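Student: this one's sequence-less:
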């Protein structure tokens, strides 16, 4: 997917050890078409290597290990993406439905460490952060406070839906009013912000009344 503002794809997330240069090349071609001022990818993983050395798709974006090793892997992938695309790069803050594990960095601290190690921008998905907070990870305000706000170049907003005890990043509906209020506060603090994107699945549009 690409836009006149930034270019992004969803097939080559930068959080893991299995990353394809071909995906970055595709992203570079799309960015060239629209002359995107930056490119971005998800800080997630979508493929795993089995003990038999075969690679299997996860079928869903999963969070990377929020450790120093995870920081170094992601930063190396982002630097490679910048080299191939020839453009400034950003990573998207991901949704994480897992509970915090002993010894891992907090969401905000991990994203800060990756951005600083790769010297890159952040595409801050506020609904992902909202979901993470709602689902028992890090409080929303604390996550924002831990981010290097001067590196945030783009904001994503979306609506979600409940599945049992979990809030899903389903892009299903309008932005929650409380999140919209938080977004207004966050945006005032972002000196490098250049784009704001609202995400909604097409089948949700008829369900929304404005």
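Tutor: Happy to help now that I have it. Model, not experiment: these values are computed from the prediction. Numbering: from 1, shown residues only.
Student: report back the residue of this protein that's furthest from centre.
Tutor: residue 52 (30.3 Å; C-alpha atoms, centre = their mean).
Student: which elements pack onto the one helix or strand residue 28 maps to?
Tutor: According to DSSP states H and E, residue 28 maps onto helix 21-34. Here helix 21-34 touches strand 7-8, strand 39-42, helix 68-85, going by 3 or more C-beta pairs under 8 Å, 6 or more residues apart in numbering; DSSP states H and E. (Each C-beta comes from the backbone N, C-alpha and C, glycine too.)
Student: what about that helix, distance to the chain center?
Tutor: 18 Å (C-alpha atoms, centre = their mean, to the nearest Å).
Student: in that helix, which residues are buried?
Tutor: 23, 24, 26, 27, 28, 30, 31 (16 or more other C-beta atoms under 10 Å).
Student: one more: stretch 179-195?
Tutor: Buried, per 16+ other C-beta under 10 Å, within stretch 179-195: 179, 182, 183, 186, 190, 193.
Student: which of the helices and strands in the chain ranks last by mean pLDDT?
Tutor: Lowest mean confidence among the helices and strands of the chain (mean pLDDT, DSSP states H and E): strand 7-8, at a mean of 46.
Student: any low-confidence regions in the chain?
Tutor: Within the chain, the stretches with pLDDT under 70 are 1-11, 204, 206-210.
Student: can you tell me who the residue most central in space within the chain pairs with across the strands?
Tutor: Residue closest to the mean C-alpha point of the chain, counted by C-alpha atoms, centre = their mean, is residue 92 at 2.1 Å. Residue 92 forms beta bridges with residue 42, residue 123, as assigned by DSSP bridges.
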